[in-house]
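*Asks:* okay, sequence plus prediction incoming.
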Amino acid sequence: MNEELSFWDGVEKINGKKLSAEERLQFCEDFSQMLRTSPELAKIFFNTQVYNEIVNDVTTRGAHSEGVAIVAENLASQKAKFDGKSEIDAKVSGLLAKTLGYMHDLGHTPFGHDGEGALGNEMERFEATQDYKTKRKVLFGEEYTRQAGDADVETMCYEHNETSAIIGSKLLEDFAQDNGYVLNEQAIQYIKTGILAHSTSRVGEEPKGVEQKAVRLADKVAYIPQDLLDLLKQSVISIDDLSPEEQGLLGLNEMQLTDREKEMYDGLSSEADKKQYLEQRAKSKQNLKEQLRNINSMPEKIKINLFKQLDVKVAEMQAEIARKCFVMNNGEMKLDGRKSVVDFFDKAVNKGEIPKNHEITPPEVEGISLFNKMRKAQKMPMTTPDRQTKVNETSKAYSQFLQESYGMDPMLATLWVTKAKYQDAFIKGELSRVSQDKEGNIQTETLSDINQKNDNGWKMKTTFQFFYSNIEQIPEEFRSKYQGNERDLYTNQQLVSAFIASFTNKGLNELYNGLIDRQLVISRDEAISQLQQKRPDLNIQSIVAEDKKWKNPQNPDEIHKVSANDVLEFLYEENVGNAIVSGKNQNPERNIPPIQHAIAVRDGVNATRNVEHQLNQGVELLSSAIDVSRTAVSSRDLQGMVKAVMDKQKTSEIQQHISEVKKTDEGR
């Protein structure tokens, strides 16, 4: 792919003329501004990143996307300058990368990663039909679907980057049509690929275009410091847990000056002024750290003000880190940040993946060993006395190795190690928030506990199943975007997923509560209560508290995970005799397949508790039309509720955010 012309060769004016450099700049400026005030971007300012609730000013998807946009712009424009491009061409490349940054997470669901995982679980129950695979080729391009292994895939999936690509490319097409531009498939595919390639969840190949590479790298440069600060805001870690180098990622290392601070320092004429400046900088950072130590006893207004100051610090450090993401290779400055080096060790240890026909070098052997030692230390129970010491020692050794063996910049080495040390460990449940209750008892909360993962996952599960079973209740305005009007792009499953993903956290909660109030969906607590009454011989609360793993007796290497909510759904429907949503499996064309391996989990639950009661009902119950007793609700009432929730979400959150953005822009 020609990096310079890969997008612009596909753009021309309505009169057939190619765009000049100045016209490309105008295109990017106008498109970027349109995105900033679009409902699609405004929506994700009300969807969370790692945490499922927006508390203590934790990062939202929208705030993260703004960070990615700014970092990607800096990376792409700097690369253009390294390549000897003109000032205007550098601006164009930067702005194009910026637009990709704004769009890369537009398809994220309510409730962060938990919401995406729950939606993915529901999609994976459906067979990947030929129609589904064909539609994906049209949506994402044959090259992407080939890399994603669609030819061999057996089940459907939900990936936020795929929905983001569809939303983003549609915004691009609408913008072009409204402003007198003509796009060919190459330009549209470049934008789709740039959005798709920011995530490595299904396709590991690196993006090819400069702007695409910038967004892929900017995503990590933006979210690692943001997530680290969120851990402090949520009192999962304290500022004193962080080494001076780690504090530097947040701009809180007293001994470290950012490039902007160095510029200020170098501009001072006298040594006395320089000394005073250093003392003021150090005192300011010490003051911020002291406030962080006392956030739990801090008044709310002062706390939020502190967080805003720290957000600015992190934004400064993102720009600082971005400047270090270039490496010299064969006389050319490459945009890399040495992320590929860290990915190798991560995959080799966590996934056991080493490229085929790859002969491991001595440094790689050492790196795998050091990374493995760090991972083992992270997995130690939180109550182990010397756990933190070992984590710090092993992470420091790994960071030094990356610097010495691969010439990695110290700040970048700290960045990549921090991701594994804190963020990944927290997401995997290896790091917990520890606190004391009023009686002095120690309490530990994992991310799953803090996020109420099972409750929010149940909301995603039941709303998906309800609207798949009652697809006519999805507003026609939404359905027509992807089905009908000659736009038969989505299967019904994909349509429902996109509909659920279009809600904010608050909007999805209100939609779910509306279905509960109308007795069209059963709540998780009620499902557990009814199931416990049917099965008093089992501790249902305990059984459905955690995800289960099932090993195939015929093949011990075959391990399947069944979520806690899937176990609850299966046991409830099998024992109580009702479906968890109204209308489930009453339309033969929209049957919801049974949960894979749920019977094995059921049998394991019975066996481990030595229960005499044997279940006689089989999986046939799930695939039959279950007669559910529900309060009769008219379609008009239900559609009115859905529309009211969407309208409220639009007016109270999305439009309000757009108005604030416009006011900010006018004040500049």
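*Replies:* Done, it's in.
*Asks:* and His560, bridged to which residues?
*Replies:* Beta-bridge partners for His560, by DSSP bridges, are Trp550.
*Asks:* from Leu35, how far out is it?
*Replies:* Distance of His560 to Leu35, computed by C-beta to C-beta, to the nearest Å: 41 Å. Backbone N, C-alpha and C define where each C-beta goes, glycine included.
*Asks:* for Val342, same thing?
*Replies:* 31 Å.
*Asks:* His560 and Leu35: which has the busier surroundings?
*Replies:* Legend: neighbour count by other C-beta atoms under 10 Å for His560 and Leu35, higher for Leu35 (23 against 13).
*Asks:* how about that one, what does it touch?
*Replies:* The neighbours of Leu35, taking C-beta atoms under 8 Å, 6 or more residues apart in numbering as the test, are Leu41, Thr99, Tyr102, Met103, Leu171.
*Asks:* once you drop chain neighbours, what's closest to it?
*Replies:* Among residues not flanking Leu35 along the chain, Tyr102 sits closest, at 4.4 Å (C-beta to C-beta, 6 or more residues apart in numbering).
*Asks:* mind checking how far the closest residue to Gly367 other than its chain neighbours is from Asn357?
*Replies:* Excluding the flanking residues, the one nearest Gly367 by C-beta to C-beta, 6+ apart is Phe345, at 5.0 Å. Going from Phe345 to Asn357 by C-beta to C-beta gives 19 Å.
*Asks:* repeat for Lys650
*Replies:* From Lys650 to Asn357 the distance is 54 Å (C-beta to C-beta).
*Asks:* kindly report the same for Ala579.
*Replies:* Look at Ala579 and Asn357: by C-beta to C-beta, they are 50 Å apart.
*Asks:* between the two, which one's more packed in?
*Replies:* Taking neighbours as other C-beta under 10 Å, Ala579 and Asn357 compare with Ala579 leading, 26 against 5.
*Asks:* surely the more buried one is within a strand?
*Replies:* No. With DSSP: H, G, I helix; E, B strand; the rest coil as the criterion, Ala579 is located in coil rather than a strand.
*Asks:* how about the strands in the stretch 251-400 of the chain?
*Replies:* Shown for the stretch 251-400 of the chain, the strands assigned by DSSP state E, counting those that start in this stretch span residues 326-329, 332-335.
*Asks:* just the strands in the stretch 551-668 of the chain please.
*Replies:* Using DSSP E, counting those that start in this stretch, the strands of the stretch 551-668 of the chain run over 555-562.
*Asks:* center of this structure, which residue is that?
*Replies:* Nearest residue to the geometric centre of the chain (C-alpha atoms, centre = their mean): His113, 5.3 Å.
*Asks:* okay, and that residue sits in which element?
*Replies:* Element membership for His113, per DSSP states H and E: helix 112-123.
*Asks:* give me the residues contacting that helix.
*Replies:* 47-52, 108-109, 111, 155-160, 427, 451, 453, 456-458, 460-461, 464-465, 493-494, 497, 500-501, 508, 563, 565-566.
*Asks:* list only buried entries from those residues.
*Replies:* For those, a burial check counting by 16 or more other C-beta atoms under 10 Å picks out 47-52, 108-109, 111, 156-160, 451, 453, 456-458, 460-461, 464-465, 493-494, 497, 500-501, 508, 563, 565-566.
*Asks:* so which elements touch the helix or strand hosting the residue nearest to Leu35?
*Replies:* Element membership for Tyr102, per DSSP H and E: helix 87-103. With contacts taken as 3 or more C-beta pairs under 8 Å, 6 or more residues apart in numbering; DSSP states H and E, helix 87-103 sits against helix 21-36, helix 61-82, helix 160-178, helix 185-196, helix 210-233.
*Asks:* quick one, what contacts Asp241?
*Replies:* Counted by C-beta under 8 Å, 6+ apart, Asp241 has contacts Gln388.
*Asks:* how near is it to Leu231?
*Replies:* Asp241 sits 9 Å away from Leu231, taking C-beta to C-beta as the criterion.
*Asks:* now Leu511
*Replies:* Going from Leu511 to Leu231 by C-beta to C-beta gives 31 Å.
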